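Asker: Mind folding the following:
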Amino acid sequence: MAIATMTSKGQVTIPKAVRDFLHLHAGDRIDFIVSGDGDVIVRPITKKVDDVFGVLHKAGRVAVSVERMNALVKEKIRENS
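Answerer: Residues are numbered from 1 along each chain as shown. Purely as a prediction, here's the structure:
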């Protein structure tokens, strides 16, 4: 079992065994999920902007303007109202 102590400023050092298990490094972000029964799940946020850059790009796809996107969103909202 890994135990940590909270400082008066609310800071906690994550034990090395947990950091290693979650593959955490300095500067990584962590998500705390509180369940309805009082349990807390700690999980690393593994996606960075650089990791997902360009995933929507497909060769040959025609670019759509922001104005066209806005018009399509408005149209969809009207359909669902």
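Asker: What helix or strand is residue 41 located in?
Answerer: Element membership of residue 41 [criterion: DSSP states H and E] is strand 40-45.
Asker: An error on my part: the question was meant for residue 59.
Answerer: Assigned by DSSP H and E, residue 59 belongs to neither a helix nor a strand.
Asker: residue ranges for the helices of the chain, please.
Answerer: With DSSP state H as the criterion, the chain has helices at 16-22, 49-52, 66-80.
Asker: right, so those: which one is the most enclosed?
Answerer: helix 16-22 (a mean of 12; mean count of other CB atoms under 10 Å). Where C-beta positions appear, they are placed from N, C-alpha and C, glycine not excepted.
Asker: helices or strands next to that one in the packing?
Answerer: Contacts of helix 16-22 with other secondary structure elements, assessed using 3 or more CB pairs under 8 Å, 6 or more residues apart in numbering; DSSP states H and E, are made with strand 40-45.
Asker: Buried residues, the strand it packs on. List them.
Answerer: Neighbour-count burial for strand 40-45 flags no residue at all (criterion: 16 or more other CB atoms under 10 Å).
Asker: Determine the set of other helices and strands touching it.
Answerer: Strand 40-45 is packed against helix 16-22, strand 29-34, with contacts defined by 3+ CB pairs under 8 Å, 6+ apart.
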